[in-house]
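Q: Below are the sequence and a predicted model; questions follow.
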Amino acid sequence: MSTSYLIKNARILGGEPTDIRIEGGKVAEIAPGLDTSSPSGSDHSTTGSTTVIDADGLIALPGLVDLHTHLREPGREDAETVETGTRAAAMGGFTAVHAMANTDPVADTAGVVEQVHRLGREAGYCDVYPVGAVTVGLQGERLAELGAMADSAARVRVFSDDGHCVSDPLLMRRALEYVKAFDGVIAQHAQDPRLTEGAQMNESELSGRLGLAGWPAVAEEAIIARDCLLTAHVGSRLHVCHVSTAGSVEIVRDAKRKGWHVTAEACPHHLLLTDELAATYNPIYKVNPPLRSAADVEALRAGLADGTIDVVATDHAPHPHEDKDCEWAAAAFGMLGLETALSIVQHTMVDTGLLDWAGVAERMSYAPARIGQVTDHGQPIEVGAPANLALYDPAATRVVDAADSASLSRNTPYAGRELPGRIEATFLRGRPTVMDGKLV
Amino acid sequence: MKRHLLSAADLSRDDAELVLSTAAELRSLADRPIKKLPALRGRTVVNLFFEDSTRTRISFEAAAKRLSADVINFAAKGSSLSKGESLKDTALTLEAMGADAVVVRHGASGAPHRLAHSGWVRSSVVNAGDGTHEHPTQALLDAFTLWRHLGEEKRGGLEGRRVAIVGDVLHSRVARSNALLLKTLGAEVTLVGPPTLLPVGVEEWGVETSYDLDAVIPKVDAVMMLRVQRERMQGGFFPTPREYSRRYGLDGRRMATLQDHTIVMHPGPMVRGMEITADVADSDRSVIVEQVTNGVAVRMAVLYLLLGGSESESNE
């Protein structure tokens, strides 16, 4: 296999077409009209040791970085493994993912995070940055060995009990303080447990009518407000996972205005889908936090456009078929997201004029890499930068077929929907993981 | 009528009135020495009960048997919620047995909806109570009872009639189905209860709401009391059963403020001394026992209309 690639006529961040030469895992040259030896009629062909890729009409984006992925390994290899999850990530244009800690055993020790990190490297589709648990066993009782995970080979910087809220205010304060020693960040799953006991869907007129226990917006907003105040008080960094309500956007906006170190993410599904889908009682639409109202969707889009929300994170949450093919109340929370994230962002943010491709690069690559302190990713496509990038065809359309997923699981809420855009190629340090829309 | 009865909202006014008038005809059977019709001979009705509910199950069983259907009672206590056999596998089993109608009671809201719309079974699905969602045949039997007492069994019989539904509306599938059906039939519904037991967004249901039972009951034609489980106290919905009874229970003193023709209803099982006192439950105004009788007639009507009484429509 050749080690150098020449990408012809790619539009970097949607700009004018130009050529990109990749050599030795880095971007070696960017200019129009480089080595024009590609024969016509062929997408890419080998010229000496250089593979030429016709990227006519394609947009070049920095490799996407996901701050919020569930790879399920160790423990739930029936739902996903590091290998299958990172294959799905590559198919979605990602070159780095942060793997959440709610595995079995929980990623609350240096040993587990190093295992996940190593599995990612061995699979080779995507760099895997494990997220460490904040508390032992996600139990919310005492701090896990955050320092040991930070000092481990996995170099953990993001800590989260995702799936559970660090609801004890004193424990949250201590966590925020403690991670200052190694410049870590606490990524909070904001969900007041008492206000959401047995909760099944967004609390609204519809939840009352469907007889599904309501999940009030205030259960999220109260925790975010508290954590913003705690963060300011102790002078630390807070990242808010999967913001889902208009009120949460407003609280984060206010915290940023005050200069507090608060960042936030929104998930693709919360930018598109609404709680009306619960009326089908089909648990494919059951997710935590729940799908909210159309007004919340609008507020999230506006927050993402104005930078209040820094990041789009997938919250890719694979589940085996039997955990969704059942009654709503019995079903697991969560949906797939890696392979459809960019398409949903194009559909909801770019095609609506709310964000340009530079904005997409910021929200899906630069910002998440910054927050996760991932140095090799989230850099602009420039000469000398690591060649982590994705080629994307925004003019393509596809009808989502769950059976096509590279994930082990099939719980996509978009099955049967037509979505815009398609990843044509993904490069990880100069090596293609996806080519012609297929895994390499 | 639609093929399934999952929600009272599935019924148009014409559908509902057809059920009520059919039930009126079938009810006369109850007074005959031989209470059986051959209408569903050879058809199989499965009572699939994931929750204990002896009264609803025997009501459906009696209804199906009086129409000469074969009845299979399937008490699937270990639902998938408790990690037993899944709803899907149970459904596939019933399908393999050739059920024409599945009457399902389940603790999870929407379970009958899943059964009907997931491609697991081809039979008609009748919701016999799902979680805190709906109980449409209870609403039909309540409407039938109201109709007989207030509406003289004629079209538009409940138009403008006022009904108060009192108690734990939040957790009540009976209240949801009744609110929908009574509205369809033109009645005016007022939901009464403490604010903690009225669902969020109830003001959008197209019904009146009130926290003040004393102000509401002198104006209504029927008072429907809902069961209040003592466990709700643990959930903090009200401070004590005593305080609940004082504010929202129907006792002799409150009953004295009703109009002469006003009837008192309860879907059962009653918690005597909690939401209703014994003297009210056993008074002349109480139609609680009659509701049970009417339940069989209404369920006969539903099964008869859903299964069409003929073979040809079964493979839709």
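A: Sure, I can see it. Numbers count the residues shown, from 1 in each chain, chains lettered A, B, ... in the order given.

Q: what are the ranges of the helices in the chain?
A: Unless you meant another one, I'm taking chain A. A:82-91, A:110-123, A:146-151, A:169-178, A:205-210, A:217-234, A:246-257, A:268-272, A:294-306, A:341-345, A:357-361, A:367-372 (DSSP state H).

Q: my question was about chain B
A: B:13-27, B:54-66, B:87-97, B:111-117, B:136-146, B:173-184, B:213-216, B:241-248, B:252-255, B:278-281, B:288-307.

Q: A:Ile30 pairs with what?
A: A:Ile20 (DSSP bridges).

Q: Please list all residues in contact with it.
A: A:Ile12, A:Thr18, A:Asp19, A:Ile20, A:Arg21, A:Ile381, A:Glu382, A:Val383 (CB atoms under 8 Å, 6 or more residues apart in numbering or on different chains). The C-beta positions use only the backbone N, C-alpha and C, and glycine is treated the same way.

Q: Which of those residues has the largest number of neighbours?
A: Most neighbours among the contacts of A:Ile30, by other CB atoms under 10 Å in any protein chain shown: A:Ile20, with 26 neighbours.

Q: looking at the helices of chain A, which is closest to chain B?
A: Across the helices of chain A, chain B has its closest neighbour in helix A:205-210 (2.7 Å, CB to the nearest CB).

Q: what mean pLDDT does that closest one have?
A: The average pLDDT within helix A:205-210 is 97.

Q: so what does it touch, helix or strand wise?
A: Counting contacts by 3 or more CB pairs under 8 Å, 6 or more residues apart in numbering or on different chains; DSSP states H and E, helix A:205-210 is packed against strand A:214-215.

Q: near chain B, which residues of the stretch 251-400 of chain A show up?
A: Applying CB under 8 Å from any CB of the partner chain, we find that the stretch 251-400 of chain A lies next to chain B at A:Thr280, A:Tyr281, A:Asn282, A:Glu322, A:Asp325, A:Cys326, A:Glu327, A:Trp328, A:Ala329, A:Ala330.

Q: circling back: highest mean neighbour count out of the helices of chain B?
A: Most buried of the helices of chain B by mean neighbour count (mean count of other CB atoms under 10 Å in any protein chain shown) is helix B:136-146; its value is a mean of 28.

Q: just how off-centre is that helix within its chain?
A: Offset of helix B:136-146 from its chain centre (CA atoms, centre = their mean, to the nearest Å): 6 Å.

Q: ok, now stretch B:177-197?
A: 13 Å.

Q: Can you tell me the closest non-neighbouring residue to the residue in the stretch 201-316 of chain B that chain A sits nearest to?
A: Using CB to the nearest CB, the single residue of the stretch 201-316 of chain B nearest to chain A is B:Gly201, 2.7 Å away. Distance criterion CB to CB, 6 or more residues apart in numbering or on different chains; nearest residue to B:Gly201, sequence neighbours excluded, is A:Glu205 at 2.7 Å.

Q: thought that neighbour was touching B:Glu204?
A: Yes: between A:Glu205 and B:Glu204 a contact is recorded at 4.6 Å, counting by CB atoms under 8 Å.

Q: Compare those two and say which is more crowded by neighbours.
A: Each of A:Glu205 and B:Glu204 has its neighbours counted (other CB under 10 Å); A:Glu205 has more, 17 against 13.

Q: Spatially, which two of the contacts of A:Ile30 are the most separated?
A: A:Asp19 and A:Glu382 (14.2 Å; CB to CB).

Q: Out of the residues of the stretch 251-400 of chain A next to chain B, give me the two with the largest separation.
A: Comparing every pair within those by CB to CB identifies A:Thr280 and A:Glu322 as the most remote, at 18.7 Å.

Q: count of residues packed around the closest residue to chain B within the stretch 51-200 of chain A?
A: Taking CB to the nearest CB, chain B has its nearest neighbour within the stretch 51-200 of chain A at A:Gln200, 7.9 Å off. A total of 25 residues lie near A:Gln200 under the criterion other CB under 10 Å.

Q: isn't it right next to A:Gly208, touching?
A: No: using CB under 8 Å, A:Gln200 and A:Gly208 do not qualify as a contacting pair, with a distance of 11.9 Å.

Q: pLDDT-wise, which helix or strand of the chain ranks last?
A: Reading this off chain A. strand A:44-47 (a mean of 52; mean pLDDT, DSSP states H and E).

Q: wrong one, chain B
A: Lowest mean confidence among the helices and strands of chain B (mean pLDDT, DSSP H and E): helix B:87-97, at a mean of 88.

Q: For that one, name the packing helices and strands.
A: On a contact count with 3+ CB pairs under 8 Å, 6+ apart, helix B:87-97 meets strand B:44-49, strand B:70-75, strand B:101-106, helix B:111-117.

Q: Give the buried residues for stretch A:368-378.
A: For stretch A:368-378, a neighbour-count test (16 or more other CB atoms under 10 Å in any protein chain shown) marks A:Pro368, A:Ala369, A:Arg370, A:Ile371, A:Gly372, A:Gln373, A:Val374, A:Asp376, A:His377, A:Gly378 as buried.

Q: For stretch A:230-239, which residues meet the burial criterion?
A: Applying 16+ other CB under 10 Å to stretch A:230-239 flags A:Leu230, A:Thr231, A:Ala232, A:Val234, A:Ser236, A:Arg237, A:Leu238, A:His239 as buried.

Q: how far does it sit from the chain's center?
A: Offset of stretch A:230-239 from its chain centre (CA atoms, centre = their mean): 23 Å.

Q: Kindly report the same for stretch A:179-191.
A: 17 Å.

Q: how close does B:Glu159 get to B:Ala116?
A: Separation of B:Glu159 from B:Ala116 (CB to CB, to the nearest Å): 31 Å.

Q: Distance check, the residue nearest to the spatial centre of chain B against B:Val296.
A: Note on chain B: the residue nearest the mean C-alpha position is B:Gln138, at 1.5 Å, using CA atoms, centre = their mean. Distance, B:Gln138 to B:Val296, by CB to CB: 13 Å.

Q: How about B:Ser12, nearest residue that isn't a chain neighbour?
A: Leaving aside its sequence neighbours, B:Ser12 sits nearest to B:Thr184 (CB to CB, 6+ apart; 7.2 Å).

Q: so A:Leu428 touches A:Leu64, yeah?
A: No: A:Leu428 sits out of contact with A:Leu64 when judged by CB under 8 Å, with a separation of 11.3 Å.

Q: tell me, what's touching those two both at once?
A: Shared between the contact lists of A:Leu428 and A:Leu64 (criterion: CB under 8 Å, 6+ apart) are residues A:Thr95.
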